[in-house]
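>>> Model the structure of this input:
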Amino acid sequence: MKDSKHVFKLKGSRDYITGADIFNYFVKEACAEREHISDIEITFIRRIDNTACKLHFDAEKVDIDGLSSPCRGRYQAGGGEYHFALTAEVERGPQVRVPYHEDDIVANARVKTSSAVLKSNGNYTFIENLVALTKYFHNCNYELTKGKWIFCKFELRSVPARFSLITIDLETIVGKRLSKCRFSADKQELGLIYFTVW
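Numbers count the residues shown, from 1 in each chain. Presented below is the predicted three-dimensional model:
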């Protein structure tokens with residue numbers, strides 16, 4: 001598969017590329033040559049500040065790019081072999097901003113001490129709904145005096161084509177700085193999402 005270059009837009013007041021945007025782009029590019037991908041895993045090593053990025057697909061070993069890559073991912077194509085990808089920041093990209101209203105996404109969320117439920121906001125993707133809900137859950141239950149909760153890792157069996165309800169259940173939290181939550185769409189368990197304090 002060919003490497004792919006993309007210039008991302010900054011959402012709202014953020015000065016970094018959101019994990020949801022990286023995920024959506026990763027899936028779009030991976031699906032460009034394959035109809036179905038599954039068993040998706042993406043890990044963020046550090047924040048991505050540059051809007052111009054390149055995805056290196058089928059990076060089989062950790063090389064120089066891999067050592068400095070802010071994001072690594074893998075997926076299974078059509079139930080067969082695994083493919084790997086690394087993200088590399090390239091020359092400085094333009095700083096284009098788009099409106100992003102995360103509060104609108106979670107307006108109808110219901111949060112408890114160890115779980116949260118969200119009726120889907122159809123104007124946003126699955127991952128945008130999931131990340132917003134998980135972040136809102138953390139902000140409601142684990143208020144920070146310093147830093148903020150950010151999405152750092154994602155394990156997903158497959159991307160749901162349609163969904164109306166997303167549920168997260170806290171599985172583990174370590175020192176109020178790293179968490180792991182199970183998530184489901186329409187009561188079908190799909191994977192794990194990890195958040196950390198940045």
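>>> Which neighbours in the sheet does the strand or helix carrying residue 53 have, and how are they oriented?
Per DSSP states H and E: residue 53 is located in strand 52-57. Neighbouring strands of strand 52-57 in its sheet, by DSSP bridges, are strand 4-7 (antiparallel), strand 82-89 (antiparallel).
>>> For the last one, output the C-alpha coordinates as CSV.
In other words, strand 82-89. The C-alpha trace of strand 82-89 is given here as CSV (Å, rounded to 0.1, in the frame of the first residue of the first chain):
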residue,chain,number,x,y,z
TYR,A,82,-2.0,-7.7,9.7
HIS,A,83,-0.7,-4.5,8.3
PHE,A,84,1.1,-1.8,10.2
ALA,A,85,1.3,2.0,9.9
LEU,A,86,3.4,4.8,11.3
THR,A,87,2.6,8.5,11.4
ALA,A,88,5.3,11.0,10.6
GLU,A,89,5.1,14.8,10.8
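>>> after that strand, next one along is what?
Scanning forward in sequence from strand 82-89 by DSSP H and E, the next helix or strand is strand 97-98.
>>> Just the buried residues of the helix or strand following that following strand, please?
Where DSSP H and E defines the elements, the next helix or strand beyond strand 97-98 is helix 102-105. Neighbour counts using 16 or more other C-beta atoms under 10 Å place 102, 105 of helix 102-105 among the buried residues. Bear in mind the C-beta positions are built from the backbone N, C-alpha and C, glycine included.
>>> Can you spell out which helices and strands pack onto the helix or strand that helix 102-105 is followed by?
Per DSSP H and E, the first helix or strand lying C-terminal to helix 102-105 is strand 110-111. On a contact count with 3 or more C-beta pairs under 8 Å, 6 or more residues apart in numbering; DSSP states H and E, strand 110-111 meets strand 115-119, helix 126-141.
>>> right, so of those, which gets closest to residue 89?
helix 126-141 (20.8 Å; C-beta to C-beta).
>>> quick one: the closest one to strand 115-119, angle?
Orientation of helix 126-141 against strand 115-119 (axes from the mean of the first three to the mean of the last three C-alpha atoms, to 10 degrees) gives an angle of 140 degrees.
>>> Just the CA atoms of helix 126-141, as PDB, please.
Taking C-alpha atoms only, helix 126-141 is exported to PDB below (Å, rounded to 0.1, in the frame of the first residue of the first chain):
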ATOM      1  CA  PHE A 126     -18.300   7.100  15.700                       C
ATOM      2  CA  ILE A 127     -14.800   7.900  17.100                       C
ATOM      3  CA  GLU A 128     -15.700  11.600  17.700                       C
ATOM      4  CA  ASN A 129     -18.700  10.500  19.700                       C
ATOM      5  CA  LEU A 130     -16.700   7.900  21.600                       C
ATOM      6  CA  VAL A 131     -13.700  10.200  22.400                       C
ATOM      7  CA  ALA A 132     -16.000  13.100  23.500                       C
ATOM      8  CA  LEU A 133     -18.000  10.800  25.800                       C
ATOM      9  CA  THR A 134     -15.000   9.200  27.300                       C
ATOM     10  CA  LYS A 135     -13.400  12.600  27.900                       C
ATOM     11  CA  TYR A 136     -16.600  14.000  29.400                       C
ATOM     12  CA  PHE A 137     -16.800  10.900  31.700                       C
ATOM     13  CA  HIS A 138     -13.300  11.600  33.000                       C
ATOM     14  CA  ASN A 139     -13.900  15.300  33.500                       C
ATOM     15  CA  CYS A 140     -17.000  14.600  35.500                       C
ATOM     16  CA  ASN A 141     -15.500  11.900  37.700                       C
END
